[in-house]
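*Asks:* Return a 3D structure for these sequence lines:
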Amino acid sequence: MAAAAAAQPTSSDTEGHPGGGWNGIMEDHLKILIATDCHLGYCEKDLERGRDSMQTFEEILKLAQEHNVDCVLLGGDLFHDNRPSRRTMQECMRLLREYCMGDRPCAMEIVSDQSRTFERNFGMVNYESLDYNVSIPVFSIHGNHDDPTGEGTLSALDILSTANLVNYFGRADQVDKIEMAPILIKKGDAKLALYGLGNIRDERLYRTFATKQVKMLRPSEELNSWFNLMVLHQNRANRGPTNFIPESFIPDFVHAVVWGHEHDCEIEDVHDNTISSTGPRILQPGSSIATSLSEGESKPKHVMLLELADGLQYKLTSIPLQTVRPFLFRDIVLSELDGADPANPTATEKAVARVVKRMILQAKADAPPAAKGMLPLIRIRAEYTGFDTFSVHTFGRDFIGKVANPKDIVLFHRKARRAAPTRKTPGTNATADADDADDDDVPEVIRNDHIMVLVKDMLKEQKLHVLLKKDAGDAVERYVKTETKSEIANMVSESLDRAVKSLVSCGESDIKKAFKKVLEIDVKDADLASGPGTASSTAAPATSARGRGRSQTEAADKLFGGSGRKGRGGAKGRQSSQGDDDEDAAGVTRTEQRRSTARSAKRKKPPVIDDDDDDDASESDGFVAEDSDRESDGENDYVPPTKKKHGRSTAAAARTTKRRRAGGL
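*Replies:* Residues are numbered from 1 along each chain as shown. A predicted model of the protein is given here:
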């Protein structure tokens, strides 16, 4: 493909194109089924809702067959989890194989350089492979839920791409300098230039757009005869100064944008439409499954059918999904609810229950035939100013088997109070109210964008040694946005693996020094926490330091395989002295003293009487008690091992002598 890069493209010239009507169904038009945010695997462990995402995804693929489309275009978040379960992956692959593979020939043609667009997919689109019969090719970008992360920065879409089931495109190798080359598709007189950009953190992509580092290549031949369609997966709503992508960032030559990530459906039927120069049309089909009990998710779910003909004419049809679980959302004010009494919580609870029952009846009546047998999702957002709340879990028990979400039917909130003082929004000159919220959100409930500000402020004050602040912040952000419980655990695991590899590459002496330094910090913290009057704080500084030094050395040797002072009994014979031995008492913690005392009580033996034989030593777990000037109670003395004579210790020689005498040798 011959293309010319332009940092700031100009709007396309559409003059001279006919504005006549749509000429009905034509054989050479290009038909594309568009869907976003399928979230396969969402709530898969829920006995009631576990199959919802797969059921709707199967309906989408059935619609592709029924409408005889040329391809399916997915706008990101095909999977709900970054690492989908085997069950989810297997079911997805089964559906793609069942509905998208067959003997029907694919009539569209890709005329651009495929090795550049499908670099990770064997350099070609899947339906042109001679080893597979693909009847409906699927094109998809990644979203923020199934983005490439971890070792090798692979996405779940890479697996589907390797299996030749999905054409994965739109992955940017660099986030600070992005260059998009379109997939040029032709069918008859219809021409489509498809641009894709997978999810990137909104702040980073905002900066890249603002610094004009996003370039979109355009075909050099017949420049104005291509319908330019862009698909991306970013915040469209303003969730912060730079935490969204303004529509003004989209170049003027783009005719339409398939906008993923936003779950509420905002599309309309468009017939007999010719492209104008008023800017791109935003196509937002929304998610195919409700992943949160919000008002936007309660809107009916749709997919879109886009038909292209010559002369840049297009036809857009919204197709309602029939297998989506019914979902009703309602706002109520307890002070305006019939039967609610501020002085009687039981009466208020019964009044709310009557509202729920009416909503259940309405949901069943409005449900399409394919969803008649499904329990509905019911959500009530109750403003409770002047009332006491009741237990939502106890409240939901009466609706088990009647709704799909009995544990979280009711959400209590108070009306947001506007604060008089204002604060400046970071990065802008405008001011915003401190409690500025969407609709009447609760001050107590922190929204996602506020959570990220709090996390970043907290991390600035922390001194992290193993975890990186950037990784921790990114993991928390992904968890907040995707609700994937494993994000933080995966970050910690990867950080620990990285730290272990770093330690392995170091020498043993360096590791011991680092470990001793950590122990010194822990002991200092313990001394500060213990306060005056404790054993560790009353001990002499000099002896305490010597005791800590010895215990740190022994701990380092034990952890890293060093040669500590062990005898036949190993660590069991290493006992700290109590009573007269203040040095050892200062070098161990109270827990170690109690454990040492308990072990000594079990192994307590009577003193050995000197019988003037060669056995001048007592045996205790392989150690020999040497003569000492100080008195000993024989219980908790630390007994070092004796030096060996000709490779054998004195204790071993004494035991050999006893065995010989007993055997008559």
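*Asks:* So which bits of stretch 290-306 are buried?
*Replies:* By neighbour count on 16 or more other CB atoms under 10 Å, the buried set for stretch 290-306 is 290-291, 293, 296-299, 301-306. Placement of C-beta: from N, CA and C, glycine included.
*Asks:* Going by distance to residue 77, which of these wins?
*Replies:* Within these, the smallest distance to residue 77 is 9.1 Å, found for residue 291 (CB to CB).
*Asks:* re earlier: export the buried residues of stretch 290-306 to JSON lines and tack on distance to residue 97 and secondary structure?
*Replies:* Putting the buried residues of stretch 290-306 into JSON lines (distance: CB to CB, whole Å; DSSP: H, G, I helix; E, B strand; the rest coil) gives the following:
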{"residue": "290", "distance to residue 97": "27", "secondary structure": "coil"}
{"residue": "291", "distance to residue 97": "26", "secondary structure": "coil"}
{"residue": "293", "distance to residue 97": "34", "secondary structure": "coil"}
{"residue": "296", "distance to residue 97": "33", "secondary structure": "helix"}
{"residue": "297", "distance to residue 97": "30", "secondary structure": "helix"}
{"residue": "298", "distance to residue 97": "33", "secondary structure": "helix"}
{"residue": "299", "distance to residue 97": "32", "secondary structure": "coil"}
{"residue": "301", "distance to residue 97": "25", "secondary structure": "coil"}
{"residue": "302", "distance to residue 97": "26", "secondary structure": "strand"}
{"residue": "303", "distance to residue 97": "21", "secondary structure": "strand"}
{"residue": "304", "distance to residue 97": "24", "secondary structure": "strand"}
{"residue": "305", "distance to residue 97": "23", "secondary structure": "strand"}
{"residue": "306", "distance to residue 97": "25", "secondary structure": "strand"}
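*Asks:* biggest separation within those residues, which pair?
*Replies:* 293 and 306 (30.7 Å).
*Asks:* ok so, going back, can you tell me which of the buried residues of stretch 290-306 is nearest residue 405?
*Replies:* For the buried residues of stretch 290-306, the nearest to residue 405 is residue 293 (6.7 Å; CB to CB).
*Asks:* Neighbours of residue 115, how many?
*Replies:* 11 (other CB atoms under 10 Å).
*Asks:* can you check residue 130 too?
*Replies:* That count, for residue 130 with other CB under 10 Å as the rule, works out to 5.
*Asks:* Quickly note the distance from it to residue 124.
*Replies:* Distance, residue 130 to residue 124, using CB to CB, to the nearest Å: 10 Å.
*Asks:* before we move on, what about residue 249?
*Replies:* Counting by CB to CB - residue 249 and residue 124 are separated by 32 Å.
*Asks:* repeat for residue 66
*Replies:* 28 Å.
*Asks:* These two - which one has more neighbours?
*Replies:* Counted by other CB under 10 Å, residue 66 and residue 124 do not tie: residue 124 has more neighbours, with 15 against 10.
*Asks:* a strand runs through that one, doesn't it?
*Replies:* No. Residue 124 is assigned coil when assessed by DSSP: H, G, I helix; E, B strand; the rest coil, not a strand.
*Asks:* Am I right that it is in contact with residue 115?
*Replies:* Yes. Using CB atoms under 8 Å, residue 124 is in contact with residue 115, at 7.4 Å.
*Asks:* Now residue 285: closest residue in space, sequence neighbours ignored.
*Replies:* Setting aside the residues directly before and after it, residue 285 is nearest to residue 304 in space (CB to CB, 6 or more residues apart in numbering), at 5.1 Å.
*Asks:* Residues in a beta bridge with the one you found, which ones?
*Replies:* Applying DSSP bridges to residue 304 gives these bridge partners: residue 34, residue 318.
*Asks:* got the contact list for it?
*Replies:* 33-35, 267, 283, 285, 316-319 (CB atoms under 8 Å, 6 or more residues apart in numbering).
*Asks:* And residue 169, by the same measure?
*Replies:* 117-118, 139-141, 183, 196.
*Asks:* mind redoing it with 7 Å?
*Replies:* 117-118, 139, 141, 183, 196 (CB atoms under 7 Å, 6 or more residues apart in numbering).
*Asks:* and the residues you listed as JSON lines, adding pLDDT, neighbour count and secondary structure?
*Replies:* Output for the contacts of residue 169, formatted as JSON lines (pLDDT from 0 to 100; neighbours: other CB atoms under 10 Å; DSSP: H, G, I helix; E, B strand; the rest coil):
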{"residue": "117", "pLDDT": "82", "neighbour count": "25", "secondary structure": "helix"}
{"residue": "118", "pLDDT": "84", "neighbour count": "21", "secondary structure": "coil"}
{"residue": "139", "pLDDT": "95", "neighbour count": "23", "secondary structure": "strand"}
{"residue": "141", "pLDDT": "94", "neighbour count": "29", "secondary structure": "coil"}
{"residue": "183", "pLDDT": "92", "neighbour count": "24", "secondary structure": "strand"}
{"residue": "196", "pLDDT": "93", "neighbour count": "28", "secondary structure": "strand"}
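*Asks:* Turn those residues into a markdown table, including distance to residue 237.
*Replies:* Formatted as a markdown table, the contacts of residue 169 follow (distance: CB to CB, whole Å):
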| residue | distance to residue 237 |
| --- | --- |
| 117 | 30 |
| 118 | 32 |
| 139 | 26 |
| 141 | 20 |
| 183 | 28 |
| 196 | 21 |
